[in-house]
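**Student:** Dropping a prediction and its sequence here:
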Amino acid sequence: MTTSDRRVVLSGLGPITAAGVGIESLWKAACEGASAISRIERFDATGFRSQHAGTLAADAFKVRDSVPKSYRKATKVMARDIELAVGAAAAAIADAGLLTKPDEPVDGPTIPSNRMGCHIGAGLIAADVDELTLALRKSVDADGQFDYGLWGSQGMGHLTPLWLLKYLPNMLACHVTIIHDCQGPSNTITCAESSATLSIGESMRAIQRGGADACLSGGCDSKVNPMALLRQQFAGRIAGTSDDDSALKAIRPFADDADGTLVGEGGGILVVEALESVRKRGGRIYAEISGFGAAQSSCPDTVGARFAEDDPGVAHAIETAIRNADLQPADIDAIVPFGSGIRAMDDADRRAMGLVFGDRLPTIPLMLPIPFFGCCGAGTGAIAISMAAKAIESQRLPARVNNGETDGLDAAATPSREADLNAVVVFTTSLGGQTAAVVLTRVAEDES
Amino acid sequence: MSQRSDDQRVVITGMGWVTPLGHDLDTVWKQLMASGSGMAPITRFDASTFPTKFAAEVRDFDVNQFVDDPSVHAHAGPNTQFALGAARQAWTQAGLTPGSFDPLRAGMYLGAGEGVLDFDNYVAVNLSGWNEESRRVDGVPWVKKALEMMEAVNEIEQEPNMPLAHLGREFGLRGPAYNCLTACAASTQAIGEATDILRRGDADMMLSGGTHTMIHPLGVTGFNRLTALSEHDGDPTEASKPFDRTRGGFVMGEGSGMVILETLKHAKARGATPLVEVRGYGSSCDAYRITDIQPDGRGAADAMHQALTQAGIDPHTVGPDGRPAVHYISAHGTGTKENDSIETRAIKRVFGDLAPAIPMSSIKSMMGHLIAAAGAVELITSAMAIRHGMIPPTRNLHHPDPDLDLDYVPNDARVATVDVALSNNFGFGGQNDTLVISRFED
C-alpha cells in the first residue's frame, strides 16, 4: 500500500456553535429543530439591518476551562476567534479519545507530536473596537481630531505589547498547536466560508502523502462584532430582522423570498486521522473522507458576491469530490450545501446541484446548518461536515428549520428522520468565489 | 537527476515580482547584485513620531499597465494590485494565453496578506462611537457613522481571499483555489502546497506566490509594540542588518512575488521552457511559544530535513566536485537577534560540518521584510541565482557576530555556480517552511 492509498477518516468532532460546545449539543439542536439564533447582546446592533445572530451563551463556553492551568495567562491575548478554536480543539480531542500534552500522558501522546498536524481556517479577525478606541482617544487633538503625531508618541503605547498577536489569523493554529503540542504540518487557510472545508481537504492530503497520521482540522470565526457584521451587511448578505420571532424565520435557504443570512460565531475542529491509525488504537470512526474537490468560480463582480450564470466552478468542485471518492452522483444520499439564504449564493448552489445531480436532485435530502447557527464565516464548513458525519454515524437526517417554499429541492422545514446514508457530499462557496467539496462515506462496522 | 516521471516533476515556467527595488525581474536583480536598498522614510502616512519612521515601500507602481481591463480592478487594495503586477509578469514569461490551458485544471495557491484598513475613516467611526461613561464603543452611533463614511466595496476588498478573486478573474483560472496566511512563511507554504497539489494530479498548473503590505498605521504600530522592528536612528538604508552583531530588528517591506508552477508533462505539452525545478518542500510547526522561536532550531531544522528528503538530497554528502549538495541558502534572515541566531543553529543541525561551506544571504537587508510575500520573492531570488550564476549579498554586514560563523555573503554579490538552492521562511506563530529548487535538467 503506497502512502497515496492511505484512507482518511473523521475520528473526532468538535463543533462549536450557538447551540454549545461539542457534537452532542449541535446534534440535539439539529434533531429537535431548535434554532439557536438569538438577539445580539455583545453590542447594541440596533442600527444594523439585523439585530440577531448565532451567539454562544456566556455560560456555555469559557475558554479558561479549555486550557491547562499553566496556559490561562495566554487566554488574555486571544481574540474571540482564537478562543473558539481553542475550545473546539479540546472538544474534538476529547471526542476522539486522544491523549495530548495537557493530559500529561505517561506513555506519551496517542499520536506522536511530530505526526500530528493542524489545519485551521480563519477569517479576517476584527480588532476589538473598545480596546482600540480607548487608545485612539489618547491621540485626539484639541479639536477632537485624530492626530498621527500623538498616536506615534503616546497613543499606541496604550495598546498591550502583544496586541497584534491577538489578530493574526494563524494565531488560531498557533495556540492550538502549542497547547496540544502538534509539531507536524500546519496551515491557516483564509478563504472566507470555504476556509474550513479547504483545511479539511488539506489535512486529508497531508495524511495521504504521509506527512502526518492525524490532524486537528477545521476553522473558527466570530462574526458577532460590529466590524465583521458591517462587512457582511456591506456585501448585501444580511437578512432584515425585527423581533425575535422574525429572526427565527429570517434565514430561508433556497426560498423564493430568501432575504439573506444572519451571522454567527463558531465553527469547529475535527480530528482527521489515517484509518490505520484509528484502527490500531481502537478509536471511533464517524465517516471516511473519501473525496475532495475545489475550484474558483467565475464572478462578474470580481469580489465574488455573485457568481456567473454559466460559472463552471461550483459544479466542478462537487463533481471532482465525487469522482475522487470513486463514486457517481447517483450514489449520493444527501447533500449539505452552503445553503445560506443569501440569494446570489443560493442560486449558485442550486445551479451547481442541478448540473451535477440532474433530475434526481428534488429527491435528495439537503441538510441545512446555517438556519440553526447562523453563518460562521471561516467556520462554516466545519459545522457542515460535523453535521454530515454525525448523520452518517446515526443513520439519521437532522431536522430542517426553513420557513420558505423551496420548489424543486428537498429543503423545506421538516422533522428529523431515520435514513440510509452511505455517501454525503458537503460543499461551501465563499464570498470571493472559492468552492470546496468533500464526500463523506459510511465505514461498515466489520471494516472498522 | 530525478527519478520522478514527468507528471510528478514540478517546474517553474514564469516568475514576476513587484518589490521596493523595482517591478520587473531584471531591474530588481540588478539592484540585488549591486547591494542596493529600498529603505527610506515612510511616505504612506505621517510616521514622524513612531518608534520606526522608515520602511521599504513600492514606488511608482501602476497596476493599470499589467491588467487587461483596469475597470474590473478599480477597487483593488494595494496587496491585490501588487499581486496583479507580479502575476502578469509570470504569466507573460510562461507564455500563457487564453486557450493554451484548461481553466478547470489551472488553480491558484496564494499566501496573500489581508488588505489595508481604510484607516482615517475607521478611526473617525470608532471615535464617534465612543462613550466616555461606559468606556466602550456604542453600537448605534458607530454604525450610523460607518454607513455614512465607509465604502462597502473597500471593506470587502480587505478580505484576505480577494487577491485570489482578482487573479482568478484576470487570468480565467477555475481550478482549486486557496489562500493561506501563516505570517512570514505564507508564500513559501503556498508554493509548497501548490507543488503537492500538482503531484497529486489535482491540477496541471498553479499560479502561486504571495502579496502583502503592512506599511500602514496599525501594521507599523503592531510590530513596534512587539519591538520586532528596527528603530535605527540614522540612514534608513543601514537599518536592516541580518547576521550583524549590531542587528536590531527587521525593516518592513511590501510587494508581491508570483510564479507559474506546472507539471513537467504539462509544460512540455504546451512547449513551455522550465526555468527551475521544485524539488522538495518541508513544513513544520514549533508548537513552542506565541512570541518566541523554539531555541534550538528544532522546528526549522525539521522543515529543512523534510524538504531535502523529498528532494532526494543527503545534507551530509558532498558531490563529485567536492561541494556540498546545496549551493545557496536564501535565509529567512530577518535581522532580529533571535531569528538570525536560531536560523544559524538550525542550519548547523541540518548540514553539520558542511554548513560553513554553503553561502547564505538575506535579501531582507536590501528590500525589507515582505511578510506574507517574503517567501515567494526569496524563492524567485534563488531561481535567479541558479540561472545567473550569482549570489546576492547580505547588505550592512560589517560587524561579524562571534556566534554566527557561517558564510553570509557580506555586502558584495558573488559569482558562483548554483545548481541547488534552499529557501527558508519562518512565521510568527511557529510556522516553518522550506523549499528546495534546482537547475532544470531533462
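**Tutor:** Okay, I see it. Residues are numbered from 1 along each chain as shown, chains lettered A, B, ... in the order given.

**Student:** The residue most central in space within chain A and A:F427, how far apart?
**Tutor:** Centroid-nearest residue in chain A, with C-alpha atoms, centre = their mean: A:G379, separated by 2.1 Å. Noted for A:G379: a distance of 15 Å to A:F427, by C-beta to C-beta, to the nearest Å. C-beta coordinates here come from the backbone N, C-alpha and C atoms, glycine included.

**Student:** hmm, back to that, assign a three-state SS to the residue nearest to the centre of chain A, would you?
**Tutor:** helix (DSSP: H, G, I helix; E, B strand; the rest coil).

**Student:** Can you tell me the closest non-neighbouring residue to the residue in the stretch 301-448 of chain A that chain B sits nearest to?
**Tutor:** Residue of the stretch 301-448 of chain A nearest chain B, by C-beta to the nearest C-beta: A:G432 (3.9 Å). Setting aside the residues directly before and after it, A:G432 is nearest to B:N161 in space (C-beta to C-beta, 6 or more residues apart in numbering or on different chains), at 3.9 Å.

**Student:** can you check B:A124 too?
**Tutor:** B:M149 (6.2 Å).

**Student:** wait, doesn't that neighbour sit right on B:L127?
**Tutor:** No. Checked against C-beta atoms under 8 Å, the pair B:M149 and B:L127 is beyond contact range at 11.3 Å.

**Student:** more neighbours, these two?
**Tutor:** Neighbour tally, B:M149 and B:L127, criterion other C-beta atoms under 10 Å in any protein chain shown: the higher count belongs to B:L127, 19 against 14.

**Student:** What residues does that one make contact with?
**Tutor:** Listed by C-beta atoms under 8 Å, 6 or more residues apart in numbering or on different chains, the contact set of B:L127 reads A:T133, A:L136, A:R137, A:V140, A:G144, A:F146.

**Student:** hmm, 6 Å instead?
**Tutor:** A:L136 (C-beta atoms under 6 Å, 6 or more residues apart in numbering or on different chains).

**Student:** tell me the SS of the one residue in the stretch 201-350 of chain B that gets nearest to chain A?
**Tutor:** Ranked by C-beta to the nearest C-beta, the top residue of the stretch 201-350 of chain B for proximity to chain A is B:G222, at 3.1 Å. What three-state DSSP gives for B:G222 is helix.

**Student:** Next, the contact list for it, please.
**Tutor:** Applying C-beta under 6 Å, 6+ apart, the residues near B:G222 are A:L164.

**Student:** can we see that at 8 Å?
**Tutor:** A:W163, A:L164, A:Y167, B:M214.

**Student:** Mean pLDDT per helix and strand in chain A: which one sits at the bottom?
**Tutor:** helix A:244-248 (a mean of 92; mean pLDDT, DSSP states H and E).

**Student:** sec struct for the spatially most central residue of chain B, please.
**Tutor:** Nearest residue to the geometric centre of chain B (C-alpha atoms, centre = their mean): B:A374, 2.0 Å. Judged by three-state DSSP, the three-state class of B:A374 is helix.

**Student:** Let me see the contact set for it.
**Tutor:** B:A374 sits in contact with B:C184, B:S187, B:G210, B:G253, B:H332, B:K364, B:N425, where contact means C-beta under 8 Å, 6+ apart.

**Student:** now A:G201
**Tutor:** A:F292, A:A294, A:A436, A:V438.

**Student:** surely the first one meets A:A437?
**Tutor:** When you say that, I think you mean A:F292. Yes. If you go by C-beta under 8 Å, A:F292 and A:A437 touch, sitting 7.1 Å apart.

**Student:** That'll do, ta.
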